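# Quick check, what structure comes out for this input:
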Amino acid sequence: MGIRFSACLAQSARSTVSHRDQIYETNLKRAIELIDYSVFRMGFNDHYAPTKLVVFPEVFMQGWYPNPEKYKTVNEKVAKDIAIRIPGPETEMLSQKAREYGIFIAGTAHEVIPEISEEFGLNCGFIIDPKGDVILKYHKHHNYLVRSGRDDASPQDIWDKYIEVMDGTYGRKKGDILSCFYPVVETEIGKLGYIICNDGYTFESFRAVGVQGCEVMLRSSGMQEPEGTPPQDMWMSANKVGAWNNLMYVVAAAPGPLTAPRFPLNAYPGNSMIVGPHGEIIVHANYPGETVTYGVIDVESLRNRRMDQKHHWVSQMRMDAFKEIYNRDMYPKNLFLDKGPLDYKERIDEQYKVIHRLVRNGTYIAPEGYVVPEE
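Numbers count the residues shown, from 1 in each chain. Take a look at the predicted model:
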């Protein structure tokens with residue numbers, strides 16, 4: 001029969017916490033209830049497609065905290081008061097459910113890695129296997145840099161230190177740079193990879209796991225209006241292109257309502273979905289609100305499909321020319337190592353430096369009246 005299973009999307013409601021001590025009562029207790037629901041109410045019997053995977057949205061245990069309070073930045077507030085260790089007490093509660101039901105559980109959380117720094121956090125996508133072990137940790141590479149300054153550091157910001165600490169761990173192949181930043185792990189339900197929310201709008205993120213053979217790619221999100229719904233529909237568009245362009249399943253968990261200061265309740269419009277390897281929508285919870293839905297993942301069928309050359313986009317890639325794209329500097333690495341934890345304005349200023357450099361070198365043409373500062 002090969003590998004065939006049901007994957008559940010837990011479109012959970014979240015309430016922002018101001019301290020990690022609040023995580024269990026505020027969000028995690030409810031998440032555990034949704035795992036129970038997923039196993040007992042979703043999927044098919046063991047012969048056809050049993051429930052083997054439950055995926056939660058971005059920062060489903062902690063939410064987004066918008067106020068730095070006594071700290072310099074929101075990121076520092078999150079690191080000192082809200083971020084967790086993975087593995088740790090919170091993920092152990094999920095591990096107990098993974099062992100009880102023999103399933104994989106995935107989601108993201110603000111994490112501090114003491115070996116890197118306790119001054120800032122990383123947004124960690126984690127996968128727990130049926131033995132209760134954290135088998136993969138992926139850290140969001142493309143931060144959502146907006147005025148709120150709410151997002152965590154990127155591995156790019158700590159490039160050298162990140163490789164030193166993370167190389168060969170949690171699904172990474174020792175000495176493999178691509179694997180270090182975009183790990184893919186082989187499991188009993190297929191080869192799994194992870195990207196988080198804003199990563200999906202840099203299509204190289206999909207490709208980074210795709211070229212490593214990822215079969216089931218998880219994407220936890222917190223995509224807000226208006227990008228997450230028609231007419232922009234960036235969330236669905238990215239998921240569909242990422243799936244068919246890499247011949248893989250995309251299991252994309254979006255959040256339900258968020259209760260947080262300065263946020264409307266349905267700022268996040270739902271739209272959890274599973275997309276098949278031809279870009280077809282397998283299941284779609286196309287509304288805001290808390291729910292759980294599921295779809296069938298047929299890995300054996302995917303493996304057969306990958307043996308056919310028709311519309312096999314990965315095998316047609318002309319990598320030699322593409323390499324030249326990336327011989328150009330864009331957003332710099334090691335910013336946090338060189339300058340210390342940056343606030344959101346400093347991080348956005350780095351983006352403007354890139355934009356202005358593109359004007360100065362003739363790549364972009366600035367609009368009339370726009371003055372590009374000297375380098």
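# Tell me how many other residues crowd residue 89.
Using other C-beta atoms under 10 Å as the criterion, residue 89 is surrounded by 12 other residues. Where you see a C-beta, it was placed from the backbone N, CA and C, and this is true even at glycine.
# Same question for residue 38.
Here the number of neighbours of residue 38 (other C-beta under 10 Å) works out to 26.
# doesn't residue 293 make contact with it?
No. In this structure, residue 38 sits apart from residue 293 without contact. The criterion is C-beta atoms under 8 Å, and the distance is 9.5 Å.
# and for those two, which residues touch both?
With contacts defined as C-beta atoms under 8 Å, 6 or more residues apart in numbering, the residues shared by residue 38 and residue 293 are residue 8.
# can you map out the helices along the stretch 51-200 of the chain?
Chain-ordered helices for the stretch 51-200 of the chain, with DSSP state H, counting those that start in this stretch as the definition, fall at 74-77, 89-101, 159-166, 177-181.
# Single out the most deeply packed of these.
Burial among the helices of the stretch 51-200 of the chain, expressed as mean neighbours by mean count of other C-beta atoms under 10 Å, is greatest for helix 74-77, which shows a mean of 23.
# tell me the average confidence for that one?
On average, the pLDDT along helix 74-77 is 89.
# swap in stretch 4-15?
For stretch 4-15, the mean pLDDT works out to 97.
# now stretch 270-288
Throughout stretch 270-288, pLDDT has a mean value of 96.
# gap between residue 190 and residue 49?
Residue 190 sits at a distance of 13 Å from residue 49 (criterion: C-beta to C-beta, to the nearest Å).
# follow-up on the earlier one: specify the stretch among the helices of the stretch 51-200 of the chain that is closest to residue 371.
For the helices of the stretch 51-200 of the chain, distance to residue 371 was read as C-beta to C-beta. The smallest value, 30.8 Å, belongs to helix 74-77.
# low-confidence ranges in the protein?
Along the chain, the model assigns pLDDT under 70 to residues 1, 146-150.
# domain parsing for it?
4-325, 343-375 (automatic domain parsing).
# centre of the chain versus the biggest helix by length in the chain, how much separation?
Identified as the longest helix of the chain according to DSSP state H is helix 344-360. Put simply, helix 344-360 sits 24 Å off its chain's centre (C-alpha atoms, centre = their mean, to the nearest Å).
# what's the closest of the helices of the stretch 51-200 of the chain to residue 218?
Residue 218 lies closest to helix 89-101 among these, at 14.6 Å (C-beta to C-beta).
# on that earlier part again, residues shared between the contacts of residue 190 and residue 49?
Overlap between the contact sets of residue 190 and residue 49, as judged by C-beta under 8 Å, 6+ apart, is given by residue 297.
# Between these two, which is the more surrounded one?
In this view residue 190 and residue 49 are compared by other C-beta under 10 Å, and residue 190 has more residues nearby, 24 against 20.
# got a list of what that one touches?
Shown here is residue 190, whose contacts under the criterion C-beta under 8 Å, 6+ apart are 3, 215, 216, 297, 299, 302.
# Kindly provide the distance from it to residue 229.
30 Å.
# my read is residue 2 is in a helix, agree?
No. The secondary structure assignment for residue 2 gives coil rather than a helix, going by DSSP: H, G, I helix; E, B strand; the rest coil.
# circling back to that earlier point, tell me which of the domains of the chain is the most buried.
For the domains of the chain, ranked by mean neighbour count under the definition mean count of other C-beta under 10 Å, the leader is domain 4-325 at a mean of 19.
# Appreciated, that's everything.
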